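Novice: Quick one: sequence plus predicted model below, questions after.
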Amino acid sequence: MTGMTHDPQHGSHVTRVLIVEAEAELGRLWQGHLVRLGCETRLVHDQDAAVAALQAREYDVIVLDLILPGGAALAVSDYASYRQPGARVIFVTNSAFFSDGSIFNHAPNARALLRADGPPSDLAAIVEHYGEAG
C-alpha cells in the first residue's frame, strides 16, 4: 500500500520521498527543497541503501539518479516496482543517455526524466505533483 501519510498534528497529508543520489551535496540540495514543501524525505547514496530503505518503509515518490555507480538505477527502479508498485519514480541525470524517452520503456514506474543540474524547484514541483497523485 503506497500513498500519502496523514499528519494528525497538521491535518494534512505528508508525501514520503526517497532520494537516491550518489552525489551527497546534490542530494542534500534536493532534500532541502522537498522538506520545505512539507515532504518527509530520506536520502541514500547507493543501491544497497535504496533497497534497505524500500524494505523498511513505503514511499510515494522516488527521486532516482539514473547514473548510479554500477548501473544500479534500473535495478532500484525494478525492485521498487516489485516491492512498492504504487511508488512513482522520477529519474534525474546529467547524461544524454535515455534522453530519447526510452527510459519509460525500461522502467514502468518512471514518471519523469529531468536534468540533475536543473533548478531544484522544478524537481520539487514534479515531486509535489506526483506525491499528490497518490
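Specialist: Yep, that arrived. Numbers count the residues shown, from 1 in each chain.

Novice: where along the chain do the strands fall?
Specialist: Remark: strands assigned in the chain by DSSP state E are 5-7, 12-14, 16-20, 40-44, 61-65, 88-93, 110-115.

Novice: Just the mean pLDDT for the third one, thanks.
Specialist: When pLDDT is averaged along strand 16-20, the result is 98.

Novice: Give me the distance from it to the chain's centre.
Specialist: Remark: strand 16-20 is offset 5 Å from the chain centroid, using Cα atoms, centre = their mean, to the nearest Å.

Novice: Tell me the strands beside it, with direction?
Specialist: Using DSSP bridges, the strands paired with strand 16-20 are strand 40-44 (parallel), strand 61-65 (parallel).

Novice: returning to that earlier point: reformat the strands of the chain as TSV; add mean neighbour count and distance to Ala72.
Specialist: (Glycine included, C-beta is placed from N, CA and C.) TSV is the format used below for these (neighbours: other Cβ atoms under 10 Å; distance: least, Cβ to Cβ, whole Å):
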stretch	mean neighbour count	distance to Ala72
strand 5-7	12	27
strand 12-14	14	28
strand 16-20	27	9
strand 40-44	19	11
strand 61-65	27	9
strand 88-93	23	13
strand 110-115	18	15
